[in-house]
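Participant: Give me the fold of what follows.
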Amino acid sequence: MRIKKVLRFLLFGLFAFQTKAQSEFEKYGPYGAQVFTDIKTATADEKKVFKLDLSYQTLDAKALSRIQNFSNLQVLRLRNNNIGVYPDNMEKLVNLMYFSSYNNKLSSFLPKPQAYRSLHYLELQHCSIDSIPASIAYLSLLSSFHFGNTNDTLKLPSTMRFMKKLKDLSFENCVLDSFPKPLFQISTLQFLYLSNTNTKALSSHFERLPDLEVLVIENNPLETIPFAIYKAQKLRVLALRGNKLTRLPDSISQLEHLSVLDLRGNPIPAEEIEKIRLLLPGCEVKF
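Facilitator: Numbers count the residues shown, from 1 in each chain. Okay, the predicted model is just below:
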């Protein structure tokens, strides 16, 4: 199922990405739970508020502070709310499983991460955050983390390797270290997406990613792929569009489950293209 979602993304681009984000929103919370879309209505019966979507609403300090009262809240989505801070006492939302903020000028990571013991999905897009704290490791159940569109340098902590439930990780349109080592030490990863992140080199220790199925490194100054890529034995989709690759290592042929290889936008000579096709006869190769 996961691979089908990624293939739809590769084929249909932004539309598929938005569809996936919406499906994640629908996934969490009690089945059939009402989605409250304004603070006033939700306040009428605070105990029944499990899902709250306040997209495209300007929230003043008073409205924002009321969110702390929804003690059963499991799903919270904030989009284009003209806010630069989190809701007051947000750490009281101990049942929160899904939190997404899009196009809000948040300048810091979640307050008191140790409080969100139920959080599975976290999305922080178009914010002003310039570092991920070491305390992110307290999010022990986090399985999906999506961050991006800061167009600024982002620091990553080494403690990310302790996140034993993290499977789905994406960074886009932000400047990471040219070799973002912490990301290649998360042994549970199944999906890793890096787009326009200044990534110049990949790990040679792909044995540390035994469950990796989808690797997307797009629009980066990547010039080489490590020979050790073959150690990611579960890899099914490898998307490397918009890099500076001129060749791939012969070891690529040992990826027995590879079904899609996207190399569009790389200066690969014709003879190398023919070689890659011969190495991967059962793979859909895009040039």
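Participant: Every contact and neighbour count from this point should use C-alpha atoms.
Facilitator: OK.
Participant: Quick one: classify Lys40 as helix, strand or coil.
Facilitator: helix (DSSP: H, G, I helix; E, B strand; the rest coil).
Participant: what's the neighbour count on it?
Facilitator: 11 (other Cα atoms under 10 Å).
Participant: That one and Leu156, how far apart?
Facilitator: As judged by Cα to Cα, to the nearest Å, Lys40 and Leu156 stand 38 Å apart.
Participant: and if you look at Val260?
Facilitator: In this view, Val260 and Leu156 are 29 Å apart by Cα to Cα.
Participant: all helices for the chain, in order.
Facilitator: For the chain, the helices defined by DSSP state H occupy 2-12, 14-27, 39-43, 61-65, 270-279.
Participant: And Glu207, how close does it get to Lys181?
Facilitator: 14 Å.
Participant: How about Leu258?
Facilitator: Leu258 is 24 Å from Lys181, by Cα to Cα.
Participant: go on, Asp152?
Facilitator: Asp152 is 18 Å from Lys181, where distance means Cα to Cα.
Participant: again, but for Gln254
Facilitator: According to Cα to Cα, Gln254 stands 24 Å off from Lys181.
Participant: now do Gly282
Facilitator: 31 Å.
Participant: And Leu258 and Lys181? Which one has more around it.
Facilitator: Leu258 (22 against 17).
Participant: Which per-residue confidence value corresponds to the residue nearest to that one when sequence neighbours are not counted?
Facilitator: Computed as Cα to Cα, 6 or more residues apart in numbering, the closest residue to Leu258 that is not its neighbour in sequence is Arg236, at 4.0 Å. Arg236 carries a pLDDT value of 98.
Participant: What about Arg236, how many residues nearby?
Facilitator: For Arg236, using other Cα under 10 Å, the count is 19.
Participant: Pro111 now?
Facilitator: When neighbours are counted by other Cα under 10 Å, Pro111 registers 16.
Participant: And the strands in the stretch 101-250 of the chain?
Facilitator: 121-125, 144-148, 168-172, 191-195, 214-218, 237-239 (DSSP state E, counting those that start in this stretch).
Participant: could I get those as TSV with mean neighbour count?
Facilitator: Supplementary listing: the strands of the stretch 101-250 of the chain in TSV, determined by neighbours: other Cα atoms under 10 Å:
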stretch	mean neighbour count
strand 121-125	21
strand 144-148	20
strand 168-172	20
strand 191-195	20
strand 214-218	23
strand 237-239	20
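Participant: would you turn those strands into TSV with distance to Pro87?
Facilitator: Shown next, in TSV, are the strands of the stretch 101-250 of the chain (distance: least, Cα to Cα, whole Å):
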stretch	distance to Pro87
strand 121-125	15
strand 144-148	19
strand 168-172	24
strand 191-195	29
strand 214-218	34
strand 237-239	38
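Participant: Now do the contacts for Ile83.
Facilitator: 58-60, 104-106 (Cα atoms under 8 Å, 6 or more residues apart in numbering).
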